[in-house]
Structure formats: structure tokens, C-alpha cells
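Asker: Quick one, what's the 3D model for this:
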Amino acid sequence: MVYDDHGGNQALDAVEALVQSGATAEIVMPERTLSPDVGSLTASGYVNALAEIGVEVTPLRRLHGVTRTPEGLAVELGVDGFVFREHRTFDAVVAEMGTEPVQEPYDELLDSSTNLGGR
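Answerer: You can find the predicted model right below:
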């Protein structure tokens, strides 16, 4: 399972790479649409490629947890704003959730900057 909480190209690229290496993949996202931050022309190409390689697309599911079990990785999915929970098991989980900046270098350099970080 590839979980896309970012909405960009990254999860789509990961799914394509996984399937091309022989894996079966499903892409899961909390949004109504697949990768909303990807432009429509580019998204059409991705959707076509995913359809051709048999990738299942599951919208409107938020990842609430992953637990290792003897059967694999037990995933808890839900729908935002509702108590609904779904439990499924996968061999592997890839989660694209964006990036967090490293704050320390910014903080260390701030006082010696000419604009003090735009303050």
C-alpha cells in the first residue's frame, strides 16, 4: 500500500516504481481525488499508467495506524469526520506525508542574516 497524504507526484512515482519492480500496489489517500496538487494533464498520464498496470485507487481514507502482525502490516484506515474504521493487511506500507524542514540551521544563522529572516 502506498499512502498519499501529500497530494503531489511523489506517491504516484513510488507506485509506478514498485509495480515496475514486480510488486502489486494500491494507492490510498484522504482526498476525494488522486494527487490534487498534480496538474490535470500530468494527472491524466498517471491515471492512465496506473490503470494499465492494475493499481487500485482508494480515495477518502485516512491512515490511522500501522501495526506489525504475523500476517503482515495491519493498517487502520478511516474516513475524516466519521467513526468508520477499516482494517486491512499489507506486505508493505509506503507513506508519503511531505517533509518537515530542519529548523536548527535556520535558527543558528538567523541573527547573522541581513534581514533577520524577514522579521
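Asker: Sketch out the low-pLDDT regions of this protein for me.
Answerer: For the chain, the stretches with pLDDT under 70 are 119.
Asker: what ranges do the strands span in it?
Answerer: Using DSSP state E, the strands of the chain run over 2-4, 26-28, 56-58, 62-69, 72-78, 85-90, 94-96.
Asker: List the contacts of the third one.
Answerer: Residues from elsewhere that reach strand 56-58, judged by Cβ atoms under 8 Å, 6 or more residues apart in numbering: Glu26, Ile27, Val28, Met29, Leu34, Leu50, Leu77. Heads up, the C-betas are built off the backbone N, CA and C, glycines and all.
Asker: what do you get if the cut-off is 10 Å, keeping everything else the same?
Answerer: 1, 3-4, 15, 24-29, 33-35, 47, 50-51, 77, 86, 88 (Cβ atoms under 10 Å, 6 or more residues apart in numbering).
Asker: how about it: buried residues?
Answerer: Val57 (16 or more other Cβ atoms under 10 Å).
Asker: surely Val55 meets Glu16?
Answerer: Yes. Contact criterion Cβ atoms under 10 Å: Val55 and Glu16 qualify, at 8.4 Å.
Asker: Tell me the residues that contact both of those two, please.
Answerer: Common neighbours of Val55 and Glu16 (Cβ under 10 Å, 6+ apart) are Val2, Ala25, Tyr46, Ala49.
Asker: Show me those that map onto helices.
Answerer: Tyr46, Ala49 (DSSP state H).
Asker: Are any of the shared contacts of Val55 and Glu16 buried, and if so which?
Answerer: Val2, Ala25, Tyr46.
Asker: In a markdown table: those residues, plus distance to Asn9.
Answerer: Putting those into a markdown table (distance: Cβ to Cβ, whole Å) gives the following:
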| residue | distance to Asn9 |
| --- | --- |
| Val2 | 12 |
| Ala25 | 15 |
| Tyr46 | 8 |
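Asker: Which of the residues you listed sits closest to Arg62?
Answerer: Val2 (14.5 Å; Cβ to Cβ).
Asker: quick one: that closest one from Glu71, how far?
Answerer: Separation of Val2 from Glu71 (Cβ to Cβ, to the nearest Å): 19 Å.
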